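1. just need the structure, nothing else, for what follows:
(2 chains)
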Amino acid sequence: MFQDIEEKLSAVFENQLKNKFGIDAKVNVGQPRQGSFGELAIPVAFQLARQLKRAPKQIAEQLLDGIAPIEGVASLEIAGNGYINVRLDRGAFAGSLLDETPRIGTRPTGKVIVEHTNINPNKAAHIGHLRNAILGDTFVRMLCRRGQPVEVQNYIDNTGVQVADVVAGFHCLEQKTLADVQALIEDSNIRFDYFCWDLYARISAHYKEHPETLKWRTDTLHAIESGHGELAALAHLVADAIVEAHLTTMYRLGIEYQVLPRESEILHLKFWAAAFELLKQRNAIYFEEQGKNKGCWVMPASAFRNSMVAKEPEGGESGEDSKVIVRSNGTVTYVGKDIAYQLWKFGLLGKDFFYRVWSAYPDGHTVWVTTDQHTEEDAPHFGGAAKVFNVIDSRQSYLQDVVVAGLRALGFHEQADASVHFSYEMVALSPRTCVEMGIPLTEEDRKRAYVEVSGRKGLGVKADDLVDKLIETALEEVDQRHPDAPASERHQVAGQIAVGALRYFMLKFTRNSVIAFDFHEALSFEGETGPYVQYAAVRAGNILRKYRERGEQIPEFRRVLNRDTLRRCFEADALWQLLLLASKSDSMVERAIASGEPAHIAKYAFQLAQSFNNFYHEYPVITEPDTERRNVLLWLTDYVRAQLLATLDVLGITQPSYM
RNA sequence: GGGGGCGUAGCUCAGUUGGAUAGAGCAUCAGCCUUCUAAGCUGAGGGUCGCAGGUUCGAUCCCUGCCGCCCCUACCA
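-> Reported below is the predicted structural model:
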């Protein structure tokens, strides 16, 4: 609703600009610093001052001269030395919110693919992976809210070095057979993903102490790539079990996927071979005859380093920064496979996967996985998107640049522009949390704001451990507050609070801020946290519930409220500001999509919750004696609650039945 | 060396694409529970927006140069 007014104002003033001055320009609508200045502010006169060589105030006056009345706008005033402040007709605005039917966004642009999670299937997920998945999932929810068709992909690198290392760990270090590992997976007394976490740390340490055994890795990698034999079977067994563990972990947080494209199929279905041919044909890569990359197929640095133009020093070492795509032993690097994958996402490869059902979520949705065998299953059409978002941490920006450069070198400029590296900074650990976990720190580390963790060393916070700890902490609170409630219900509530806390924690930071993970902070349910927002929603619900419990009926607001009533009641600024803020949720989602910052929505949810909590203390609703006024307060409560829940839904946070 | 990011309250961070008196949370201090549950609310203190220039009506935001920190710069991903 608020968005409609913003758009209308922009349009009106853009029109005025054209009529009065013959200027075509975009008019931004902002918000005044103080509520007393009005609801909206238009600083356009300042922008034109120089161009027209006239005082901003004069321009503003001329813009307002003879302007037609705008529906929903009470007045336009010139303030300061040229601001145009807009005051809304509060009664009309509130009335239109009352009549508003929730609109489903209709933006018929093409399909968008969001790829996120992408955890190496060789060990349990950790908190860094949580940031990726939560960020990606929330972005998906944002797009869906606006009516955008979205396809969620979780890429499975099941033929990479990390899987090979764990397979080598089982085979060489542990001397385990396929059947042994199968038994391990089925053993309900151990967590297979946790077992692999430790095994991965052990094999990594072993390689370090005995570098000669690195041959295990190479051999295993070759075996996996060939796709035949016991080691390849073992790799599939391990990777599939770990993928299942990851999906289970993410489902706890409300995160689902539609399709799992696997690297093994990229290889077996010759996706890479096709991409390789294309790259060679268009001279996007070349065979290096000399230097350190001799014998490799490489992409020249000039392809992905556009800023380095004609800056050839003396040595002429142009091959120095080029990127190896095919190794001298003939195997393809990750980037090469990623180029093939990216081409497929846009439907540019002329090939497709086969698909089979991986599993069905408890809520009924199915996840598909790629396969190299033809199946009878009736899979939806995957791939072929107009725009692609790859949620990948910012340390990989160099590789993402290479992938996009690959597209560009092949002449797919439109798709290169539509490839977005949705990057984010890493999750590190606060020194305090390292100490708590018994991770050894150097003197220098102690002084730092954060310490980077290492999967290879087995150091880090496992995702499920964190979730368990959050649930445990939340449950203590719930037990204290509601000792008489059924245990299953208390568990459910604690689970919702835990997820709310975790998702909000991961979303409150903007993407390029490094999170220094701290248990104390993450386990807090007070202040700017998910539970704070959930609590506000629960309180709003309690008002309505209590009202009904008194034997009263929630009135049919459209019938009992009219514009005059609304106008009178919303003369009170506190009430009006709350209503106004609540009406901005669509506008906020739109802005957050434009800026690519889910954090903005988290911030908005918090502000709205805060605003409601103020209201909650200031205005007793159900004991309000004046019927008309009580109806307005009830409606406001109901409306804010609905907007709060809708916003929480975008964040993937649910409302507990009590707190 | 090159590429990218960051520097805002004691700490952790926002700051709506250049606008009016720079905001939250935590921490500290002082208040508020017989009330629609205090996971809450109210108030106080706390700032050279890293430093110096520039662009203009106006700069935390844009440009340049320094200072400091981080990430990347593999035939690992």
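2. mind listing the helices for the stretch 201-350 of chain A?
-> A:214-226, A:229-252, A:263-268, A:271-281, A:334-345 (DSSP state H, counting those that start in this stretch).
3. next one: the stretch 451-600 of chain A
-> A:463-481, A:487-507, A:519-522, A:530-549, A:557-560, A:563-569, A:573-582, A:585-595, A:598-618.
4. just say which of these is most tucked in.
-> Ranked by mean neighbour count, the helices of the stretch 451-600 of chain A are led by helix A:487-507 with a mean of 22 (mean count of other Cβ atoms under 10 Å). Quick note: C-beta positions are derived from backbone N, CA and C, even for glycine.
5. who does it touch, helix- and strand-wise?
-> Other elements packing on helix A:487-507 under the criterion 3 or more Cβ pairs under 8 Å, 6 or more residues apart in numbering; DSSP states H and E are helix A:127-145, helix A:463-481, helix A:519-522, helix A:530-549, helix A:598-618.
6. which among the ones you listed is found nearest to A:A232?
-> Taking Cβ to Cβ as the measure, those were each checked against A:A232, and helix A:127-145 came out nearest at 25.6 Å.
7. from the chain's centroid, how far away is the closest one?
-> In this view, helix A:127-145 has its centroid 3 Å away from the chain centroid, taken as Cα atoms, centre = their mean, to the nearest Å.
8. what comes up buried for that helix?
-> A:127-145 (16 or more other Cβ atoms under 10 Å).
9. same question, stretch A:385-400
-> Buried residues in stretch A:385-400 (16+ other Cβ under 10 Å): A:A385, A:K387, A:V388, A:F389, A:N390, A:V391, A:I392, A:D393, A:Q396, A:L399, A:Q400.
10. pLDDT at the first one, what is it?
-> Per-residue confidence for A:A385 comes out at a pLDDT of 96.
11. a strand runs through it, doesn't it?
-> No. Going by DSSP: H, G, I helix; E, B strand; the rest coil, the assignment for A:A385 is coil, not a strand.
12. would you mind measuring from it to A:L348?
-> From A:A385 across to A:L348, the span is 11 Å (Cβ to Cβ, to the nearest Å).
13. just the fourth one next, same as before
-> Here A:F389 is placed at a distance of 17 Å from A:L348 (Cβ to Cβ).
14. give the contact list for the residue nearest in space to the middle of chain A.
-> For chain A, the residue lying nearest the average C-alpha position, counting by Cα atoms, centre = their mean, turns out to be A:L135 (2.3 Å). Contacts for A:L135 were tallied using Cβ atoms under 8 Å, 6 or more residues apart in numbering; they are A:H116, A:V391, A:F422, A:Y424, A:M506, A:L507, A:R511, A:P598.
15. now with 7 Å, please.
-> A:V391, A:Y424, A:M506, A:P598 (Cβ atoms under 7 Å, 6 or more residues apart in numbering).
16. so who does A:A25 touch?
-> For A:A25, the set of contacting residues under the criterion of Cβ under 7 Å, 6+ apart consists of A:L17.
17. now it, what's its secondary structure?
-> Reducing the assignment to helix, strand or coil with three-state DSSP, the entry for A:A25 is coil.
18. sorry, back to before: columns distance to A:S583 and mean pLDDT on top of the helices and strands packed on helix A:487-507, output as TSV?
-> As requested, the helices and strands packed on helix A:487-507 are exported to TSV (distance: least, Cβ to Cβ, whole Å; pLDDT from 0 to 100):
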stretch	distance to A:S583	mean pLDDT
helix A:127-145	15	97
helix A:463-481	32	96
helix A:519-522	32	93
helix A:530-549	16	96
helix A:598-618	10	96
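19. mind giving me JSON lines with these and columns for distance to RNA strand B?
-> Formatted as JSON lines, the helices and strands packed on helix A:487-507 follow (distance: least, Cβ to the nearest atom of the strand, whole Å):
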{"stretch": "helix A:127-145", "distance to RNA strand B": "12"}
{"stretch": "helix A:463-481", "distance to RNA strand B": "4"}
{"stretch": "helix A:519-522", "distance to RNA strand B": "7"}
{"stretch": "helix A:530-549", "distance to RNA strand B": "4"}
{"stretch": "helix A:598-618", "distance to RNA strand B": "4"}
